[in-house]
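K.L.:
Sequence first, then the predicted structure, then my questions.
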Amino acid sequence: MKKVVTIGGGTGSYTVLRGLKEFPLDITAIVSMFDSGGSSGTLRDEFGVLPPGDVRRCLVALSEGKRAEIVRELFNFRFENGNSLKGHSFGNLLLVALSSVYGSEIEGIRKASELLNIKGKVLPVSLDKSDLHAILENGEEIVGETNIDIPKHNGEVRIQKVFLDPPAKLFEETKDAIRDADILIIGPGDAYTSIIPNLLVKGMAEALRESSAKKIVVTNLMSKWGETHGFAASDMVRELLTYSGLEKFDVCVCNTAKMDPKLVAAYEKEKKFPIQCDNKLPEFAKKIITGDYFSEADIARHDSAKIAKVIAGL
């Protein structure tokens, strides 16, 4: 089977993986480990573990079998009451427990993979603990993934640079997966808080350049206040190239389907706007694939099956 590797995190990776698992592919999901907010951030601070949130989402996306739906519901269950448990997802707590029982985060992920009977594997981009920093165009420095993700600063001010402190090193098994891949998929997802943190890890740029895989980028549907406000598709792809160390992507997949005006209006209240596929994209990718990759839902999401069909066809 062809080896397909996704690089990202959050709902973007979840959406792509859900579709890919329906095809005869050898799938590996590489996820960012630098969350600092919500349940993941709290567990990171209290237990000194790597944040489990993005790992949990990818495990759930790849889960299979007769009990998969029950286990998915359980892993995604979030406690709404109580003082100590409120806001935590059961899956995050279980990953922390498994890491403690089996002696390391990577063993915890492996045992959770067995429990969920996943198709493929989920790998952390790094086992090192680090924080994401952003330097804005006005010189202001923002510390912590959650403070970039949910900005308290003026979201119109663009991010000039992001980096990890202290530096983090690429996990060896993750490096091997990238080098052995037939297809590498970067995105969709929050550019500076889900995707680029993976590219900042020491050794990632070298591994990407050394890999003979076809490198695919999937652009986002919507811009995000504080990260990609005012971006066209080419702006996002250019930024990903800058941090990846690659000269050009082999393929760029970009949605051109129109969204319902009511949905667009709802997102405008959150200062989020549809990202347009512009004529600068060929500068950053050898081949541009456009089409309807939008899910007909009340939220702006890619359609898992449509995206996976395009990628499997490559």
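P.N.:
Perfect, I can see it now.
K.L.:
all contacts plus neighbour counts: C-alpha atoms, from now on.
P.N.:
Fine.
K.L.:
what's the neighbour count on Lys119?
P.N.:
Residues contacting Lys119 under the criterion other C-alpha atoms under 10 Å number 23.
K.L.:
any idea how far Thr15 is from it?
P.N.:
Noted for Lys119: a distance of 15 Å to Thr15, by C-alpha to C-alpha, to the nearest Å.
K.L.:
do Ile106 as well
P.N.:
From Ile106 to Thr15 the distance is 23 Å (C-alpha to C-alpha).
K.L.:
ok, these two, which is more surrounded?
P.N.:
The residue with more neighbours, out of Ile106 and Thr15, is Thr15; 22 against 18, by other C-alpha under 10 Å.
K.L.:
Mind listing residues that contact the helix or strand harbouring that one?
P.N.:
Element membership for Thr15 (DSSP states H and E) is helix 10-20. Defining contact as C-alpha atoms under 8 Å, 6 or more residues apart in numbering, one finds that helix 10-20 is touched by 6-7, 27, 29, 53-54, 57-58, 60-62, 187-190, 194, 301-309, 312.
K.L.:
just the buried members of these?
P.N.:
The neighbour-count criterion (16 or more other C-alpha atoms under 10 Å) marks 6-7, 27, 29, 53-54, 57-58, 60-62, 187-190, 194, 301-308, 312 among the contacts of helix 10-20 as buried.
K.L.:
Next step: those restricted to strands.
P.N.:
6-7, 27, 29 (DSSP state E).
K.L.:
which residues in the protein form helices?
P.N.:
According to DSSP state H, the chain carries its helices in the segments 10-20, 38-47, 53-62, 68-76, 90-102, 105-116, 145-149, 172-180, 196-199, 204-210, 233-244, 261-268, 304-313.
K.L.:
Those: which one's closest to Lys2?
P.N.:
helix 304-313 (9.2 Å; C-alpha to C-alpha).
K.L.:
quick one: the closest one to helix 10-20, angle?
P.N.:
Going by axes from the mean of the first three to the mean of the last three C-alpha atoms, to 10 degrees, helix 304-313 is angled at 70 degrees with respect to helix 10-20.
K.L.:
where does this structure dip in pLDDT?
P.N.:
37-42, 45, 47-48 (pLDDT under 70).
K.L.:
Please tell me how far the residue most central in space within it sits from Ala29.
P.N.:
Nearest to the centroid of the C-alpha atoms of the chain, with distances taken as C-alpha atoms, centre = their mean, sits Gly9, at 2.0 Å. With the distance defined as C-alpha to C-alpha, Gly9 ends up 9 Å from Ala29.
K.L.:
again, but for Gly91
P.N.:
With C-alpha to C-alpha as the criterion, Gly91 and Ala29 are 17 Å apart.
K.L.:
One more: Ser36?
P.N.:
Distance from Ser36 to Ala29, by C-alpha to C-alpha: 20 Å.
K.L.:
do Lys224 as well
P.N.:
For Lys224 relative to Ala29 (C-alpha to C-alpha), the value is 24 Å.
K.L.:
cool, and Asp54?
P.N.:
10 Å.
K.L.:
what does Phe294 give?
P.N.:
For Phe294 relative to Ala29 (C-alpha to C-alpha), the value is 22 Å.
K.L.:
same check, this time on Asp131
P.N.:
In terms of C-alpha to C-alpha, Asp131 sits 21 Å off from Ala29.
K.L.:
Now for the closest residue to Glu107 other than its chain neighbours, how many residues are close by?
P.N.:
Closest residue to Glu107 in three dimensions, ignoring its sequence neighbours and counting by C-alpha to C-alpha, 6 or more residues apart in numbering: Ser99, at 6.3 Å. Neighbours of Ser99 under the rule other C-alpha under 10 Å: 21.
K.L.:
for Ser99, what are its contacts?
P.N.:
Taking C-alpha under 8 Å, 6+ apart as the test, what Ser99 contacts is 105-109.
K.L.:
So which of those residues is surrounded by the most neighbours?
P.N.:
Counting by other C-alpha under 10 Å, top hit in these: Ile109 with 25 neighbours.
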